[in-house]
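>>> Sequence plus the predicted model coming up.
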Amino acid sequence: MKIFVFICIFLAGLHAEEFRGTFITEPIFNASVYMQTVGDPANPAVVLVHGLGDEASTIWESTIQLLKNNYYVITFDLPGFGQSSKSNELYSPLNYAKFIHYVSQTYVKKPFHLVGHSMGGAIALKYVSMYPSDVTSLVLVDAAGILHKFAYSKFLVHSGVNRYFDEQNGLIQGLQTQKLNNFIDKMTDKFDDKMRLDMDTVLASEELRSAILGGSPSSIAAVALVQANFNTIPPAIHTRTTIIWGQEDGVAPLETGYVLKKLMPNATLDIIPEAAHVPMLTHEKEFFTFLLSHLHNKPVAPLQVKKAPIEAASLKIRNVKEKTYSGTIKNLSISDSQKVVIKDAVIEELTVFNSEVEIINSTIRGKKGLIVTAENASLAIIASDLSGTMKVSNSRLNLAGIVMSSDQKPIEVVKRSVAIFSLCEINGKFIHGREIFESRGF
């Protein structure tokens, strides 16, 4: 019996040595924080930052097992989550970055690889912008909150923040039933009504955080995240960065990955087919391949298979659904179609009528001034370069990570249209916001 007890104590001691979980008190939120350090402190350091959700740092358990023999791994439950203390505090990317800086200065004490998932990716991006010399390299996994807040309806619903935004006003009920254009326009109008409260003022006040957001750490963190403006941050970050994304992410849109890849000078984008928002749990093999290749600084071939591109003087797409095209197309016309994707293309003139279209990583540059005409359309242009004028009528535009120049008005409006700008540069000016055009130019 004594031998059995001794063995149990010995094994427990080994486990405690391997996973040295402890509670620390930090000065930013004055919180008790659960933290783990695993591996030899003499090895290169890796700091893992989780996103929203009370599973907190447990999402990194398999990743820790992967890294522990060759790296010194630091994980923690962010204040407000997991085993860390929860209270009515301003859980913003800025304050979380300050918290991580305290942890790194106190427990790491050397440059480290920084890995952030979802909200943790946005926090990691903010951290590098504030403390660039601390970070050896950066990994962003399905980062949320980088685009304009109206691009993150699913993120807010996923976080549960809708509970404090009056579910009976039609904001949430339409999520599954409304047609895409009508629902998003309605939803953003509802958010406009809520945002008239001035959410920055709400976030800054303990009393208002309690009254409006129920004092919930998840809701406070979600709103603080989408309120944060990352507009000028990605182009200023020169740290070697790998962006990893689940292709089927329904919480943080893949377009964010394309935008970050375009705007960050030293970034690569690795997409995991069929994966959703948490690839480190659902697609471990692919995720670990990309993570290790980044840490070893040895790029791997992308998992996606590219189709042969089109080269055409003109292409008319009609009554098409869920198809992707790429290549060099002089005149492209799309009508009565849904979920058409144009990727890695060079286009001189684009016409979109009564269709839902996404343009990704492309160039639209015509010989004439008018390059895009959109009527009764939902048009997203992501991580692309435009030179010329867009003419829109009764349409919704989602412009993210575009660089646009025009000798005339960049956007000419024929009939009321809505545009959401995320991390855009138009005629040398950074644009990040929502505009409602009433038959006027921009």
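Looks like it arrived, so ask away.

>>> From now on I want contacts and neighbour counts done on CA atoms only, so please keep to that.
Will do.

>>> need the helices for the stretch 251-400 of the chain, in chain order.
In the stretch 251-400 of the chain, helices defined by DSSP state H, counting those that start in this stretch lie at 255-263, 279-282, 284-295, listed in chain order.

>>> Tell me which of these sits most buried.
helix 255-263 (a mean of 24; mean count of other Cα atoms under 10 Å).

>>> before we move on, back to that, tabulate the helices of the stretch 251-400 of the chain (TSV), appending mean pLDDT.
Converted to TSV, the helices of the stretch 251-400 of the chain look like this (pLDDT from 0 to 100):
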stretch	mean pLDDT
helix 255-263	96
helix 279-282	96
helix 284-295	97
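
>>> for those, which one sits closest to Ile342?
Closest to Ile342 of the helices of the stretch 251-400 of the chain, according to Cα to Cα: helix 255-263, at 12.8 Å.

>>> quick one: that closest one to chain centroid distance?
On the basis of Cα atoms, centre = their mean, to the nearest Å, helix 255-263 sits 9 Å off its chain's mean C-alpha point.

>>> Can you tell me what sits against it?
142-144, 146-147, 234-235, 243-245, 267-269, 360-361, 382-383, 400-401 (Cα atoms under 8 Å, 6 or more residues apart in numbering).

>>> By neighbour count, sort out the buried ones in the residues you listed.
142-144, 146-147, 234, 243-245, 267-269, 360-361, 382-383, 400-401 (16 or more other Cα atoms under 10 Å).

>>> could you point out which element follows the strand or helix carrying Ala221?
Assigned by DSSP states H and E, Ala221 belongs to helix 217-227. Using DSSP H and E, the helix or strand that follows helix 217-227 in sequence is helix 233-236.

>>> With just CA atoms, put that following helix into PDB.
The C-alpha trace of helix 233-236 is given here as PDB (Å, rounded to 0.1, in the frame of the first residue of the first chain):
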ATOM      1  CA  ILE A 233      -2.200  48.900 -37.500                       C
ATOM      2  CA  PRO A 234      -1.600  46.100 -40.100                       C
ATOM      3  CA  PRO A 235       0.500  48.100 -42.600                       C
ATOM      4  CA  ALA A 236       2.800  49.300 -39.700                       C
END
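
>>> who does it touch, helix- and strand-wise?
When contacts are defined as 3 or more Cα pairs under 8 Å, 6 or more residues apart in numbering; DSSP states H and E, helix 233-236 sits against helix 119-130, helix 255-263.

>>> give me that answer again for 10 Å
Judged by 3 or more Cα pairs under 10 Å, 6 or more residues apart in numbering; DSSP states H and E, helix 233-236 is in contact with helix 119-130, helix 255-263, strand 417-426.

>>> out of those, nearest to Gly21?
That would be helix 119-130 among these, by Cα to Cα, at 20.0 Å.

>>> Report the rounded mean pLDDT for that closest one.
For helix 119-130, mean pLDDT rounds to 98.

>>> Which parts of the stretch 1-150 of the chain are strands?
Taking DSSP state E, counting those that start in this stretch as the criterion, the stretch 1-150 of the chain carries its strands at 20-25, 32-38, 45-49, 72-76, 112-117, 135-141.

>>> Using TSV, lay out the ones you listed together with distance to Val202 and mean neighbour count.
Output for these, formatted as TSV (distance: least, Cα to Cα, whole Å; neighbours: other Cα atoms under 10 Å):
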stretch	distance to Val202	mean neighbour count
strand 20-25	27	14
strand 32-38	25	21
strand 45-49	26	25
strand 72-76	27	25
strand 112-117	26	24
strand 135-141	29	24
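
>>> worst average pLDDT in the ones you listed?
Across those, strand 20-25 has the smallest mean pLDDT, namely a mean of 90.

>>> Adjacent strands (with direction) for that one?
Paired strands of strand 20-25, with direction, are strand 32-38 (antiparallel) (DSSP bridges).

>>> how about the helix holding Ala221 as PDB, C-alpha atoms only?
Extracted C-alpha coordinates of helix 217-227, given in PDB (Å, rounded to 0.1, in the frame of the first residue of the first chain):
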ATOM      1  CA  PRO A 217     -17.000  39.800 -19.300                       C
ATOM      2  CA  SER A 218     -17.800  38.000 -22.600                       C
ATOM      3  CA  SER A 219     -20.100  40.800 -23.800                       C
ATOM      4  CA  ILE A 220     -17.800  43.600 -22.600                       C
ATOM      5  CA  ALA A 221     -14.900  41.900 -24.400                       C
ATOM      6  CA  ALA A 222     -16.900  41.300 -27.600                       C
ATOM      7  CA  VAL A 223     -18.200  44.900 -27.800                       C
ATOM      8  CA  ALA A 224     -14.800  46.400 -26.900                       C
ATOM      9  CA  LEU A 225     -13.200  44.300 -29.600                       C
ATOM     10  CA  VAL A 226     -15.600  45.300 -32.400                       C
ATOM     11  CA  GLN A 227     -15.400  48.900 -31.200                       C
END
